[in-house]
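Undergrad: What follows is a predicted structure for the sequence shown.
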Amino acid sequence: MIEPEIMAGYGREQFGVAIPSGKGYIGTLNVYHELHCIKRLYQDTYPEAYGKGLTSQQKEANRLHKGNHAPESYHELTLPLVIDHCLDFLRQASMCHADVGIITFQWSADSLVPVANSTTHQCANWKKLDAWTKRRTVDMMKPGWLIHPTKGPKTEQFPKSNVRIAR
């Protein structure tokens, strides 16, 4: 749950989607959207490996994910939109985080040009961050859990979201 005081700090409490108990708002960490985009880029780059297992329901959820509500072909309409969306989102994240670790180069016996050497990164404690998120995860796609204030309950049945939603 995103606490009301955190939403107020972002100035988004009037636009936020409240959880049914009214004690907080739905939100997710950007890192999970970044990972979602990386996964989608893999799926779209290697459809023979990833696309075979997608149900029509999952394809429909993917189409709607990008806001494309036209009834035309899922793949033809949304693939360029999803790729553009994900690449731009990852570009923005890279520029925002701006890892300033220095990459040095060294000579290699196998190459006529210098090769990149590893660099040190300052990383978050992923296990701790992921555990924190798992404790706060809700399935916002659960039928009847969220009710749109003017359109009523969601009637489409989507597969359980693999995006972790902090509650």
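TA: In hand now; what should we look at? Numbers count the residues shown, from 1 in each chain.
Undergrad: can we go C-alpha only for contacts and neighbour counts from here?
TA: Will do.
Undergrad: Low-confidence stretches in this structure?
TA: 51-53, 59-79, 154-167 (pLDDT under 70).
Undergrad: Can you tell me the centre-most residue of it?
TA: By C-alpha atoms, centre = their mean, the mean C-alpha position of the chain lies nearest to H33, the distance being 1.9 Å.
Undergrad: A helix includes that one, no?
TA: Yes: with DSSP: H, G, I helix; E, B strand; the rest coil as the criterion, H33 is assigned to a helix.
Undergrad: ok, then the element right after the one helix or strand M95 maps to?
TA: According to DSSP states H and E, M95 maps onto helix 74-97. Next in sequence after helix 74-97, counting helices and strands by DSSP H and E, comes strand 105-106.
Undergrad: ok, residues contacting that following strand?
TA: With contacts defined as C-alpha atoms under 8 Å, 6 or more residues apart in numbering, strand 105-106 is touched by 114-117.
Undergrad: what number of residues lie near H148?
TA: By other C-alpha atoms under 10 Å, 9 other residues sit near H148.
Undergrad: Equivalent analysis for H97, please.
TA: Residues lying near H97 (other C-alpha under 10 Å) number 8.
Undergrad: now do the one 4 residues further on
TA: Applying other C-alpha under 10 Å, we find 11 other residues in the vicinity of G101.
Undergrad: One more: the one 5 residues further on?
TA: Residues near Q106, counting by other C-alpha under 10 Å, number 10.
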